[in-house]
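*Asks:* Sequence unavailable; structure follows:
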């Protein structure tokens with residue numbers, strides 16, 4: 001038996017077929033959109049977390065950790081000022097150290113220093129029989145410089161003078177005080193160094209004790225029997 005053709009039923013049968021490609025197209029578009037967004041996420045994760053901003057370099061907080069090429073113009077100026085100041089401090093320290101070392105050598109450790117001559121003169125006075133008779137035993141004789149309220153300063157300060165005469169001879173004069181259980185005295189030292197000499201030699205080493213005649217340990221003028229060089233044209237040449 002032949003079926004009757006109904007257009008409405010035929011249209012309903014064809015609707016699912018026409019709708020399916022539209023759904024497939026939407027799914028493909030969604031897949032494409034998903035695939036295109038995936039590389040974007042991967043690029044974001046590859047960059048890593050954002051780097052923290054560093055603190056500005058100044059004269060006070062510069063530690064040298066930041067490279068010179070990474071500094072701005074103002075920061076480079078700050079580092080230059082800081083490094084220049086540090087260098088100047090180091091140079092001042094070196095100069096002061098050298099000055100202190102030079103002073104200690106010339107005034108204390110040098111064989112021609114006042115301290116060295118003071119020690120030699122003190123040793124000679126302690127060993128002299130006449131000084132021992134008027135002052136006391138040699139190991140009990142003390143020597144010191146000018147009187148002061150501080151005993152530490154008194155033991156270090158020596159009244160001295162240095163001059164060079166017209167013949168080029170250097171004269172070093174100083175005095176100090178000696179004390180013993182029997183009495184007190186004042187020691188006078190006069191040293192000379194001619195141009196041909198490298199070390200000082202005694203011209204006068206004498207001790208004055210109150211109430212007694214001056215004691216000469218060294219006397220180049222012959223007051224204690226020493227020999228005096230003859231004068232030529234009004235000057236001694238050796």
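*Replies:* Alright, I've got the coordinates. In this text, all values refer to a predicted model and were calculated from it rather than measured experimentally. Numbering: from 1, shown residues only.

*Asks:* where exactly do the helices run in the protein?
*Replies:* In the chain, the segments counted as helices under DSSP state H are 7-47, 73-104, 114-127, 129-135, 151-154.

*Asks:* Poorly predicted segments of the protein, please.
*Replies:* 1-52, 103-112, 148-157, 223-238 (pLDDT under 70).

*Asks:* what do you get if the cut-off is 80, keeping everything else the same?
*Replies:* By pLDDT under 80, the low-scoring segments of the chain are 1-55, 57, 59-60, 63-64, 101-113, 147-158, 222-238.

*Asks:* what's the domain layout of it?
*Replies:* 68-108, 112-236 (automatic domain parsing).

*Asks:* among the ones you listed, which is nearest residue 59?
*Replies:* domain 68-108 (4.8 Å; CB to CB). The C-beta positions use only the backbone N, C-alpha and C, and glycine is treated the same way.

*Asks:* thinking again about what came up before, most packed of the domains of the chain?
*Replies:* domain 112-236 (a mean of 15; mean count of other CB atoms under 10 Å).

*Asks:* Show me the contact partners of stretch 193-203.
*Replies:* Residues outside stretch 193-203 that contact it (CB atoms under 8 Å, 6 or more residues apart in numbering) are 111-112, 117, 167-172, 189-192, 218, 220-221, 238.

*Asks:* State the distance from residue 85 to residue 78.
*Replies:* 11 Å (CB to CB, to the nearest Å).

*Asks:* ditto for residue 55
*Replies:* Separation of residue 55 from residue 78 (CB to CB): 12 Å.

*Asks:* so residue 55 makes contact with residue 65?
*Replies:* No. Assessed by CB atoms under 8 Å, residue 55 is found out of contact with residue 65, at 10.4 Å.

*Asks:* What is the neighbour count of the closest residue in space to residue 82 that isn't next to it in sequence?
*Replies:* Nearest residue to residue 82, sequence neighbours excluded (CB to CB, 6 or more residues apart in numbering): residue 59, at 4.9 Å. If you count neighbours by other CB atoms under 10 Å, residue 59 ends up with 14.

*Asks:* How about residue 121: what's its closest non-neighbour residue?
*Replies:* Closest residue in space to residue 121, ignoring its immediate chain neighbours: residue 189 at 5.3 Å, by CB to CB, 6+ apart.

*Asks:* Now intersect the contacts of stretch 193-203 with the strands, please.
*Replies:* 170, 171, 172, 189, 190, 191, 192, 218 (DSSP state E).

*Asks:* okay, and the common contacts of residue 55 and residue 65?
*Replies:* Counting by CB under 8 Å, 6+ apart, nothing touches both residue 55 and residue 65.

*Asks:* Settle this for me: the residue nearest to residue 121 is touching residue 174, isn't it.
*Replies:* Yes. At 5.4 Å, residue 189 counts as touching residue 174 under the criterion of CB under 8 Å.

*Asks:* any common contacting residues for the two?
*Replies:* Shared contacts of residue 189 and residue 174 (CB under 8 Å, 6+ apart): 117, 118.

*Asks:* what's stretch 65-85 in contact with?
*Replies:* Contacts for stretch 65-85 (CB under 8 Å, 6+ apart): 54, 56, 57, 58, 59, 62, 64.

*Asks:* Can you redo the residues you listed as JSON lines, where the extra columns are distance to residue 198?
*Replies:* Output for the contacts of stretch 65-85, formatted as JSON lines (distance: CB to CB, whole Å):
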{"residue": "54", "distance to residue 198": "64"}
{"residue": "56", "distance to residue 198": "63"}
{"residue": "57", "distance to residue 198": "58"}
{"residue": "58", "distance to residue 198": "57"}
{"residue": "59", "distance to residue 198": "53"}
{"residue": "62", "distance to residue 198": "53"}
{"residue": "64", "distance to residue 198": "51"}
